[in-house]
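[1] output the structure for:
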Amino acid sequence: MALLFSCFFVLLALGLPIAFVIFTSSAIYLTVTDLSPLILLVQKAVAGVDSFSLMAIPLFIVMGYLMEAAGLSQRLIDWTEMFFGRVTGGLGMIAIVASAIFAALTGSGPATVAAIGTIMFPRMVQKGYPRGDAAGLVSAAAALGPVIPPSTVMIIYATTMSVPISELFVAGVTPGVLIAVIFCVINYYYAKKVWRLPKETKRYTFKESMRLTLKALPTLLLPVIILGGIYGGIFTPTEAGAIGAMYSVVLGIVYRSLTWKKLVDVFKKSLEASAMAGFLIGMSSIFCWIIAAAKIPAQIVDTLLPDCSLLDERGELRQSAKDVVTVAKKHNAVVATGHISHEECFAVAQEAYRQGVEKLVITHANLPATRYSVAEQKKLIDLGAIIERSYIVLYKGMIDAETEAAEIAAVGADHVFLSSDFGRPEAPFFDEGLLAYINALCDQGVSEQDTYRMVSVNPTYLVE
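    Now for the predicted structure:
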């Protein structure tokens, strides 16, 4: 753990780009520790970007640059200026609101800067905004891109963490709008009290307002089409990106503002931005795998939390059963017996029962080294314990299927869960070994209902 993070922060301090920092520190760690061959770097990087959902990122980026090239962002700015042009600091508010709307179209910060910032920054400087403050305001407003859906950052997070993209999109609307409002308030204060900018006097007639609204209407319909289609279940976020890109191309052709030269430039910019995002995602996949494989989260927890281990260096109980259970109950932790003697296990189980601790797990109950008899398992169950049975014993031939099925039937499937590689009994990882274990039990007369009980046992024993 120390080697990995030391390399990471040293390289970061040297100014190396973050993607190369992640790649280099990962390569050094794998080389020094022999955790895995270096070919894993390529395999995990490719696997990290091999996702249909991630295709939405380049599509939304293309859509943003297409809107810039087709002049749609200018129409959006003109329409926003109609509402905020006469307010003190109106240009700053226009940049913020236009960026918020543009973010709701593309979800990309770089595309928002290119489309809105390149237009608004010179105008703001011309009207008296300090150059540094104008640049900061445009950059901060562009940061709304990752917050207001559709967001490329949310797509990456949802893909990595296996959560619904649509739910993340819904959750980002309120914070994004709130941030935009706060930006406008701060801009108004600075424009009036610090920069002392003059108030605009330009007025718009009803005819001019209608003309600007009609010009901006096709652009304003784009977020309705994208978000409405996603939330309505009409298409996926990836398909929404493709539809938005095609919609922008059609508008550019209709307005005769999109030329072949601009189109080539759009694809070039999109390729650069998408490649950077994809490379970073791939390198991060390597880093995440190393953290999981090296059990770094567990090491951090062991460092930060009190030492509740039952065993000392000699394999004997470090604390009395009462102390162990008391500490576990205080931290709302699971009392897992681990590789301790049966006498020590019963002492802990009796103390947990006395203190009313419900989260008691008897681990490795069917492993040869720590095997519990049916009678012992029944006694532990009477004390409120739940029995963990590892499928490895059957998968690797340590025990025959008939004996395993008989023990499960004797102790009752309601009191047993099948361990998996991820240790989550409510959603185990159905690899080849676990499936073979379940099939063998079913062949020996264990019902499908009992198998389901063992798989979907109350997850609070291990999760909380």
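[2] all strands of the chain, in order?
    Residue ranges of the strands in the chain, as given by DSSP state E, are 335-336, 360-362, 386-390, 416-419.
[3] how near is Gly132 to Val138?
    As judged by C-beta to C-beta, to the nearest Å, Gly132 and Val138 stand 11 Å apart. The C-beta positions use only the backbone N, C-alpha and C, and glycine is treated the same way.
[4] higher neighbour count, these two?
    Per other C-beta atoms under 10 Å, whichever of Gly132 and Val138 has more neighbours is Val138, with 23 against 8.
[5] chain neighbours aside, what residue packs nearest to that one?
    When the adjacent residues along the chain are set aside, Val138 lies closest to Gly117, with 4.1 Å between them (C-beta to C-beta, 6 or more residues apart in numbering).
[6] where's that neighbour relative to Thr403, distance?
    Taking C-beta to C-beta, one finds Gly117 at 71 Å from Thr403.
[7] more crowded one of those two?
    Between Gly117 and Thr403, Gly117 has the larger neighbour count (other C-beta under 10 Å), namely 23 against 13.
[8] confidence score at the residue most central in space within the chain?
    The centroid of the chain falls nearest to Tyr157 when counting by C-alpha atoms, centre = their mean (2.9 Å). The model reports Tyr157 with a pLDDT of 78.
[9] list the contacts of stretch 275-286.
    The set of residues external to stretch 275-286 that reach it, using C-beta atoms under 8 Å, 6 or more residues apart in numbering, is 18-20, 22-23, 26, 40-41, 44-49, 54, 57-58, 61, 152, 156, 160.
[10] now do the buried residues in stretch 34-54.
    The neighbour-count check on stretch 34-54 (16 or more other C-beta atoms under 10 Å) flags 40-41, 44-45, 48-49, 51, 54 as buried.
[11] err, stretch 164-180, not the other one
    With the criterion 16+ other C-beta under 10 Å, stretch 164-180 contains buried residues 165-166, 168-169, 172, 176, 179-180.
[12] using CSV, write out every CA atom in that stretch.
    What follows is stretch 164-180, C-alpha atoms only, in CSV (Å, rounded to 0.1, in the frame of the first residue of the first chain):
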residue,chain,number,x,y,z
PRO,A,164,-28.5,3.2,-13.1
ILE,A,165,-27.4,6.2,-15.2
SER,A,166,-31.0,7.6,-15.3
GLU,A,167,-31.1,7.8,-11.5
LEU,A,168,-27.8,9.7,-11.4
PHE,A,169,-29.1,12.1,-14.0
VAL,A,170,-32.3,12.8,-12.0
ALA,A,171,-30.1,13.4,-8.9
GLY,A,172,-27.9,16.0,-10.7
VAL,A,173,-30.7,18.4,-11.8
THR,A,174,-31.4,20.1,-8.5
PRO,A,175,-27.7,20.6,-7.4
GLY,A,176,-26.8,21.8,-10.9
VAL,A,177,-29.6,24.5,-10.9
LEU,A,178,-28.7,25.5,-7.4
ILE,A,179,-25.0,26.0,-8.3
ALA,A,180,-26.0,28.1,-11.3
